[in-house]
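Colleague: no FASTA, just this:
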C-alpha cells in the first residue's frame, strides 16, 4: 500500500470510529453539602453552669428519651416542645437560664445535677424526613433525677447510620444553642446530643438520641445512559437505555413515571417511538434494535416537576424570613438563620442521548465493471465498483483490498462506507494483451472475529476494431454449382484477432450480373463458409469489415452431361405416331445447354423413326416413331458414344374388349368407390393411350369424372351415391360396354325422429312413441333404439310411456351417440282418494278447535293439481265451512266442538270419492257435583248408598275423577265404607254410609278432589223404618243414575 493510501485509510477509519460513538451527557455533580458520618464536636460544660449529684449513664440505644416534666420559664414561641405539656406558658424574655422556670407543682425542684437529656423536635417534624428539607429549633434539654427540667443546653451533636444528615448550630437568644437538621443521604439515621458534665471533679457524659429516617426528596436530576456506553450497536443487536432519577442529594427515587421519546427507532418493549414506565430501584431500562442503520435522539423526562423549591433568607438576622417558591415544607416564620443562608434549587427534569444503529459486519460483496470489457490497448479503463452489504442488506463500511491478474489498478485499498452507500471504486487499465483480467476484492472489518468477504469479477481485454482482412478461396476454377471454401481472417491494428461476433460482409458479383451479399460473424477472428454459383460465369468476390477489405475471383465452368433419360408415348394405335423424348442432364440433374446432338436407333420390333438424330433444346431432343403392326418397338438414344438409354413403345389395334370392376360393391351412402375400366385390342394389348371411356349410371350416382382417357389401357373414375339402393353402372368405349352392380347401404345413424310430439297426458295415462333412425342423407337405418324418461313417468323398451305425476317430462331415444327427445306435458291425475286428517284428534267440548286437512291424491298417490270442490260434513260440532276447494291438492277447515261428548265423524266428498276422519270431543274440567242418598230414610244402624255425580259445565259426566266423602254431622257414631272413590263412565262415585243407633239426620259431603266443588246429602234415621235396597244397571252391568223405580206405588230415583 502506498504511503498516501495508508494515510487516507487512517483518516477514513478515524472518521468512521467517530461516527460510531455517541456523546454521553456529563454526570451531574453531587450535593455540595454531603456530611461526614459520625461527625461530632465535643464540648465541656463548665462546672459553674451545672451541678452534678449522681452518675450519668450514656445512652447508646436509639429509643426515645424519657418525657420531661414542664418547668417554669419555658417559651414555646421559639421552641416547639412535645405536645404532652398540658398548658403552654409564653414568657416574653427569650433568655433561658440553666434551670427550668416552669410552674412549681410541689414535687419538682428544678435544682441539682443533670441526670439525663431529652432532644426536643418541632411538632411539624415527622420521624421520616425528605433529603434536603431543613428542620429548625431542635434543642437538647437537661433534667435532674426528679425529671425536672433544667432548661436548654449546649451539647455536642453527631449522627450515625446508613443515611446522613447535616447538623448546623445557631444561638438561641445569644444564650444556648439550637440546631437545624437537614436530611441528606437517604437511610436510617440516629441523631445524638451529648454533654460532658463535671461533678466533684469527675467528668461524666450524658446523652440523648432520636431515630430518624431520611427518604429521597423530590426529583432533581434525570440521567439517561446507553449500554454500550458509546450509544452505538450494530444492526440486529440490542441497545439498552437506562434512565435514573435522583434527588438533589444523589438519592435515587422509586415509583416516578419516566417518559421516553425517540426521533427514529422504536422501543423493543412497545414497538412505538414513545413510551413510559415507573422507576424501580430508582431507574427504568428500555431496549431498542433495528435492522436498518441510522441514529436517534432519545429523550427521557418527567411529566412535570415533582416538587422542589428555591429558598432564600430575606431581611436582616434575626428578624428576617425565608422565602420559598413553591413552599414545600412547614417552616416557622420565627426561624432564625444566618444572614447568608441560601438553598438554591435548580432541577433538571429531562436528559437525552444520541444512539446509533450502525451498519453490521459485511456479509456480501458484489463487484461490477463499467464497461464490462475494454480494449487491450494499454489505456482503456473500466471502473470496478465494490458494494458491501451487511446481513440485512444495508450498505456498510469496510476496508476493501483490490488485486488483478492483468492490467493495472488505480488503487489497491479503498474504504467503503455507508455515506457512499457502501461502495468503493477503482479503475482498471487494460494491458496490451488480449486476456481476461480477474479482479479480486477482499473486504476487511475492524474486528478480531471477522472473516474477510471476497468477491471476483472478470473483465475481458478485447481486441480493437478490424484493421486488416485476409480473404482465401479453396479454388479459383471449378464447375458451376460446385462448392468453393471461403476462409476470412480479421485482425486489429496490433495483430490481435478481432472479437467474436465481428461482422464481415461478403459480396459476389458475376460478370454482367447483379451483386449478391451476405453477412457473417467471426469466431476466433475468422469466418469460414462455402460459396457456389449455379451458372457458368466468372464471379468476383469481396470481403469487408469496418475499414478492412480484401477481394478475389472464381471461374465457374459448364458441367458436362451426366445422365441421359428417354421416354415415349405408349401404347399407340397402329399407324399413329409416338413422340420419343431424350433428356440430357448434368450431375446436378440440370438440363445441359442447348445444342447437344442425341442419336436415336430402333433396336427391336417393327418401327420407323422420323430422324436418326436430334439437337437438344432445353436439354431435350425429340423424334417420332411409327409402326404398321401391333407389338413392342425398342428405341435407343445415345450422346457422344458415352451415355446410352432405351425405352419401349407398344403399338396396338382398335379396342376390342372392355372389363369394368369396382373396389367396393357394397358401399354405404356417401362413400366413394373406384371404378376401373380395362380396354384391350383383339390381341389383348392395352388400348392406345388416351382412349376415352364413358361411365353411365342412374342420376343418384355421382361420378368425379364421367369420361376418362386410358393410360396403359386403364381408365379410372370415382363414384358415390347418398341414396341407399342397388345400382347398375356401365363403362362404354365405342360399341363396347361393361357393367357392374353396386348396392348402397344406409350410412351410420345420424338422426332420430320421434313421433308423436307435443303429447299431453294426465297422470296415469299412457302413450306409444315411435322412433325412426336415419343416416346423414335421410336413409332409414334399421337399428334398435334405447328409450328413457325422467321421474315423472316410465317407458319400456318398445317406447310405451306411462305418465305418473304432473309436470313437464322428456321422452328420449338414443342410438349410440345419436340422440333426440320430445316433450310430454303431464296434467294432474284425476282424483282417486281423499285423505282427511284432524289436528288435534281430541278436543274438549265447549268451543275448542281442530284443524281439518283434506288432501286429494290421484291413483298413483300424487297430489291432484286441479281446483276441485270438496263438500264437508260432521256428525258433531260445527265446521267453519261446508265446502272447500283444493289448492295444490290440499285444503283446510276448522271443526269447533259443541257441548256434547262423543266422536265427531268428519266426511269429505268430491264426486264419488269419500274421505273420513274422527275427532273425539271429550268432557271439560269438573264444574259441578251432585250427591244423593239411597235410601234417604233408614232405621237405626241402617245403610244408605251415597252417590256423587261429577259433570263438566255442560253436564257431561267425568270419568276417573276422585271424590272425597266425609261425614259432616251425625247424632252418634257413623261410618263410610270408603272415604274416597273414582267416578265411573257415568261420572258417579259411590260409598256406603252406616248410621248409628240414634235417630236424627246424618250429613255426608262429597268433594271433587283438588277443587272446592262440594255437594251435601242427608240421611234420616227413624225407628220402625224398613229398608229395601236394589240396583239399576244397564246391559253392560254399569249402574244407571237418575233412573226412576216404582216401589209399591212410590217413585224412587237412583
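Modeller: Alright, I've got the coordinates. Model, not experiment: these values are computed from the prediction.

Colleague: And for residue 136, the neighbour number?
Modeller: 23 (other Cβ atoms under 10 Å). All C-beta atoms are positioned from the backbone trio N, CA, C, and that covers glycine.

Colleague: again, but for the one 5 residues further on
Modeller: When neighbours are counted by other Cβ under 10 Å, residue 141 registers 27.

Colleague: got any ranges where the stretch 351-500 of the chain has weak pLDDT?
Modeller: 418-419, 448 (pLDDT under 70).

Colleague: Which parts of it are strands?
Modeller: For the stretch 351-500 of the chain, strands defined by DSSP state E, counting those that start in this stretch occupy the ranges 362-370, 374-375, 381-390, 398-404, 408-409, 413-416, 423-429, 436-444, 453-462, 468-473, 477-479, 484-491.

Colleague: Ok, which of those comes nearest residue 930?
Modeller: Ranking the strands of the stretch 351-500 of the chain by their distance to residue 930 (criterion: Cβ to Cβ) puts strand 381-390 first, at 110.3 Å.

Colleague: Would you indicate which residues of that closest one are buried?
Modeller: Neighbour-count burial for strand 381-390 flags 382, 384, 385, 386, 387, 388, 389, 390 (criterion: 16 or more other Cβ atoms under 10 Å).

Colleague: elements contacting it?
Modeller: Judged by 3 or more Cβ pairs under 8 Å, 6 or more residues apart in numbering; DSSP states H and E, strand 381-390 is in contact with strand 362-370, strand 398-404, strand 413-416, strand 423-429, strand 436-444, strand 453-462.

Colleague: From the chain's centroid, how far away is the shortest one?
Modeller: Shown here is strand 413-416, whose average C-alpha point lies 47 Å from the average C-alpha point of the whole chain (Cα atoms, centre = their mean, to the nearest Å).

Colleague: related to what we said a few turns ago, with distance to residue 811 as new columns, can the strands of the stretch 351-500 of the chain be given to me in TSV?
Modeller: Putting the strands of the stretch 351-500 of the chain into TSV (distance: least, Cβ to Cβ, whole Å) gives the following:
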stretch	distance to residue 811
strand 362-370	77
strand 374-375	87
strand 381-390	78
strand 398-404	88
strand 408-409	94
strand 413-416	87
strand 423-429	84
strand 436-444	84
strand 453-462	82
strand 468-473	87
strand 477-479	83
strand 484-491	82
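
Colleague: Could you work out which of those strands reaches nearest to residue 153?
Modeller: Using Cβ to Cβ, these put strand 381-390 closest to residue 153, at 75.6 Å.

Colleague: Direction-wise, compare the closest one with strand 423-429 and give the angle.
Modeller: Between the axes of strand 381-390 and strand 423-429, defined by axes from the mean of the first three to the mean of the last three Cα atoms, to 10 degrees, the angle is 160 degrees.

Colleague: Now for the residue lying closest to residue 416 once chain neighbours are set aside: which residues touch it?
Modeller: Of all residues beyond its chain neighbours, the one nearest residue 416 is residue 424 (3.9 Å), with distances taken as Cβ to Cβ, 6 or more residues apart in numbering. Contacts for residue 424 (Cβ atoms under 8 Å, 6 or more residues apart in numbering) come out as 385, 386, 388, 400, 414, 415, 416.

Colleague: nearest residue to residue 574 other than its sequence neighbours?
Modeller: residue 651 (5.2 Å).

Colleague: So which of the strands of the stretch 351-500 of the chain is nearest residue 627?
Modeller: strand 477-479 (41.7 Å).

Colleague: for the residue nearest to residue 588 when sequence neighbours are not counted, what are its contacts?
Modeller: Leaving aside its sequence neighbours, residue 588 sits nearest to residue 481 (Cβ to Cβ, 6+ apart; 5.1 Å). Going by Cβ under 8 Å, 6+ apart, residue 481 touches 532, 533, 534, 556, 559, 588, 590.

Colleague: Would you mind giving those residues as JSON lines with distance to residue 896, neighbour count and secondary structure added?
Modeller: Shown next, in JSON lines, are these (distance: Cβ to Cβ, whole Å; neighbours: other Cβ atoms under 10 Å; DSSP: H, G, I helix; E, B strand; the rest coil):
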{"residue": "532", "distance to residue 896": "118", "neighbour count": "15", "secondary structure": "coil"}
{"residue": "533", "distance to residue 896": "121", "neighbour count": "22", "secondary structure": "coil"}
{"residue": "534", "distance to residue 896": "118", "neighbour count": "11", "secondary structure": "coil"}
{"residue": "556", "distance to residue 896": "125", "neighbour count": "21", "secondary structure": "strand"}
{"residue": "559", "distance to residue 896": "125", "neighbour count": "18", "secondary structure": "coil"}
{"residue": "588", "distance to residue 896": "118", "neighbour count": "12", "secondary structure": "coil"}
{"residue": "590", "distance to residue 896": "118", "neighbour count": "13", "secondary structure": "coil"}
